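*Asks:* this one's sequence-less:
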């Protein structure tokens, strides 16, 4: 094998001496050279290269590199013009640093990192991303089993952390074989899926999570969207038939409050022919997002048309029924909303392109269903829904308030008092409860409502006041019953 590899390298070096611009050949030479250690073929574990592009990331880069230090065999860092200590931080972790002039094209920089990688597989991350410990252990185990024939790439779950705890999750391909011909495309929201597909590399989903803290606040997110939007518009002008670019443009306009432009671009996407590419799982969500934009701009008749077209094209698109049910819920069409929620099959729900974890969808289905059942007078069934929701999100204050209201309606005052104690502990209200009558209990819920109102938590304050009203109505029923007995 060693002799054959030497002959292959000799031939490839002759080829590159004749035509130095053959990038695929250069990469293949580097890959083969990486397989040689002290003149012997390396036939041990696959090597993994971390490929990154950076600019002024000194603040968070160490956190990223620390999280993968024991996983990767090589760090390839393309710096596009840092003026801080980014390169110094990278050097501390043994990174191979390549300086590359920024050309308003993320793919161009990513491809430079690929050209300099010698590992068998490529892991790519951004500087504001990192692996939690459990994902690191999973990736170490997975690395041992990577196939030598390099016919698989792998998607990870990217969890974008938010300061308000409304984290978003979505899938992205982050690990793929280092093979000639693989390259990123797209000035922004770059992806190597097209080249992987052309080489017959199959994409497999994993449960590995990457945490992303680059969009912690709305201000940070909007600044990055504004940075990316001109690149997207330039890409759309260059490739007008690329509907995924239009999808990203629509999302960008929505993020910066230009909802009419968002509707225009997302409508263009939904009117196109269904994409035939391997990476078209995002397409049905274009309808969900268009419906959301129409709803928020008051075009409710258009929402129904959008969902009709979605279910015509994708009758088995389970998560679509959740969003349709949510729309009907806010329209106060409670029985119709319940019908939609019943059609959601959670085993068919994956995050793909819509940034909402399945646990959150499961919680919202239970919460919305419980609220709908209250509105149509099915209180016992509503309580069951809220209890199921609490199994998913046990600390959600709204659930405790809604259950308090239900307990009052159902006459379960003991449970209502217990819920009251839980709510006050949750809010940090340290007060000894003296409850000698339903008037006392109702007064405490009014106090909770006032406290929440002072915190600008208006929806929760309304639930507290509703609980107080339900308690007083229960008192009236008891008084009327006593009068009837007399």
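*Replies:* The structure has been received and is ready for your questions. Everything quoted here is computed from the prediction, not taken from an experiment.

*Asks:* C-alpha from now on. contacts and neighbour counts both.
*Replies:* Noted.

*Asks:* where exactly do the strands run in this structure?
*Replies:* Remark: strands of the chain, listed N- to C-terminal, are 36-37, 40-41, 48-54, 74-79, 96-99, 121-124, 129-130, 152-160, 168-177, 202-212; assignment by DSSP state E.

*Asks:* quick check: which of the ones you listed is nearest to residue 303?
*Replies:* Shortest separation from residue 303 across the strands of the chain is recorded for strand 168-177, at 23.7 Å, computed as Cα to Cα.

*Asks:* can you name every helix or strand that the closest one contacts?
*Replies:* strand 121-124, strand 152-160 (3 or more Cα pairs under 8 Å, 6 or more residues apart in numbering; DSSP states H and E).

*Asks:* turn the strands of the chain into CSV, including distance to residue 366, mean pLDDT and mean neighbour count.
*Replies:* What follows is the strands of the chain, written out as CSV (distance: least, Cα to Cα, whole Å; pLDDT from 0 to 100; neighbours: other Cα atoms under 10 Å):
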stretch, distance to residue 366, mean pLDDT, mean neighbour count
strand 36-37, 58, 50, 12
strand 40-41, 58, 48, 14
strand 48-54, 41, 97, 24
strand 74-79, 45, 97, 25
strand 96-99, 50, 96, 17
strand 121-124, 37, 96, 23
strand 129-130, 32, 96, 23
strand 152-160, 23, 91, 20
strand 168-177, 20, 89, 21
strand 202-212, 25, 92, 18
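
*Asks:* so which of those gets nearest residue 389?
*Replies:* In terms of Cα to Cα, the element of these nearest to residue 389 is strand 168-177, at 19.1 Å.

*Asks:* can you give the strand pairings for the closest one, parallel or anti for each?
*Replies:* Partner strands and pairing direction for strand 168-177 (DSSP bridges) are strand 121-124 (antiparallel), strand 152-160 (antiparallel).

*Asks:* who touches it?
*Replies:* 120-125, 150-162, 193, 203, 351-357 (Cα atoms under 8 Å, 6 or more residues apart in numbering).

*Asks:* what do you get for stretch 66-83?
*Replies:* Outside of stretch 66-83, the residues within contact range by Cα under 8 Å, 6+ apart are 47-57, 87, 90, 93-102, 109-110, 112-113, 116-119, 130-133, 136, 139-140.

*Asks:* what is the end-to-end distance of that stretch?
*Replies:* As for stretch 66-83, its first-to-last residue distance stands at 22 Å under the measure Cα to Cα, to the nearest Å.

*Asks:* where in the stretch 351-486 of the chain is pLDDT low?
*Replies:* In the predicted model, the stretch 351-486 of the chain carries pLDDT under 70 at residues 351-355, 429-437, 474-486.

*Asks:* one more pass at 50, please.
*Replies:* Within the stretch 351-486 of the chain, the stretches with pLDDT under 50 are 353, 477, 479-486.

*Asks:* correct me, but residue 468 touches residue 445?
*Replies:* Yes. A contact is recorded between residue 468 and residue 445 when judged using Cα atoms under 8 Å, the distance being 5.3 Å.

*Asks:* gap between the residue nearest the centre of the chain and residue 156?
*Replies:* Within the chain, one residue has its C-alpha closest to the average C-alpha position: by Cα atoms, centre = their mean, that is residue 169, at 1.7 Å. Note on residue 169: its distance to residue 156, by Cα to Cα, is 10 Å.

*Asks:* same thing with residue 363?
*Replies:* Summarising the geometry, the distance separating residue 363 from residue 156, computed by Cα to Cα, is 23 Å.

*Asks:* quick revisit: got JSON lines for the strands of the chain, with distance to residue 307 too?
*Replies:* Below are the strands of the chain laid out as JSON lines (distance: least, Cα to Cα, whole Å):
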{"stretch": "strand 36-37", "distance to residue 307": "57"}
{"stretch": "strand 40-41", "distance to residue 307": "58"}
{"stretch": "strand 48-54", "distance to residue 307": "40"}
{"stretch": "strand 74-79", "distance to residue 307": "44"}
{"stretch": "strand 96-99", "distance to residue 307": "48"}
{"stretch": "strand 121-124", "distance to residue 307": "36"}
{"stretch": "strand 129-130", "distance to residue 307": "35"}
{"stretch": "strand 152-160", "distance to residue 307": "27"}
{"stretch": "strand 168-177", "distance to residue 307": "22"}
{"stretch": "strand 202-212", "distance to residue 307": "28"}
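
*Asks:* and of those strands, who's closest to residue 386?
*Replies:* With Cα to Cα as the criterion, residue 386 lies closest to strand 168-177 of the strands of the chain, at 23.2 Å.

*Asks:* and the angle from that closest one to strand 48-54?
*Replies:* With axes from the mean of the first three to the mean of the last three Cα atoms, to 10 degrees as the basis, strand 168-177 and strand 48-54 are set at 120 degrees to each other.

*Asks:* how far out from the middle of the chain is strand 168-177?
*Replies:* 10 Å (Cα atoms, centre = their mean, to the nearest Å).

*Asks:* ok, stretch 294-314 next?
*Replies:* Taking the mean C-alpha point of stretch 294-314 and that of its whole chain, the gap between them comes to 23 Å (Cα atoms, centre = their mean).

*Asks:* also stretch 319-339?
*Replies:* Distance of stretch 319-339 from the chain centroid (Cα atoms, centre = their mean) equals 23 Å.

*Asks:* buried residues in that stretch?
*Replies:* By neighbour count on 16 or more other Cα atoms under 10 Å, the buried set for stretch 319-339 is 319-329, 334-335, 337-338.

*Asks:* among those residues, which are in helices?
*Replies:* Using DSSP state H, 319-329, 334-335, 337-338 are the members of the buried residues of stretch 319-339 that sit in helices.

*Asks:* for those residues, which one is nearest residue 296?
*Replies:* Relative to residue 296, the closest of these is residue 327; by Cα to Cα it sits at 10.3 Å.

*Asks:* who's in contact with that closest one?
*Replies:* The contact partners of residue 327, by Cα under 8 Å, 6+ apart, come to 295, 337.

*Asks:* distance of residue 11 from residue 181?
*Replies:* Taking Cα to Cα as the measure, residue 11 falls 19 Å from residue 181.

*Asks:* cool, and residue 297?
*Replies:* Applying Cα to Cα, the value for residue 297 to residue 181 is 45 Å.

*Asks:* re the thing from before, who's the residue nearest to the centre of the chain bridged to?
*Replies:* residue 159.
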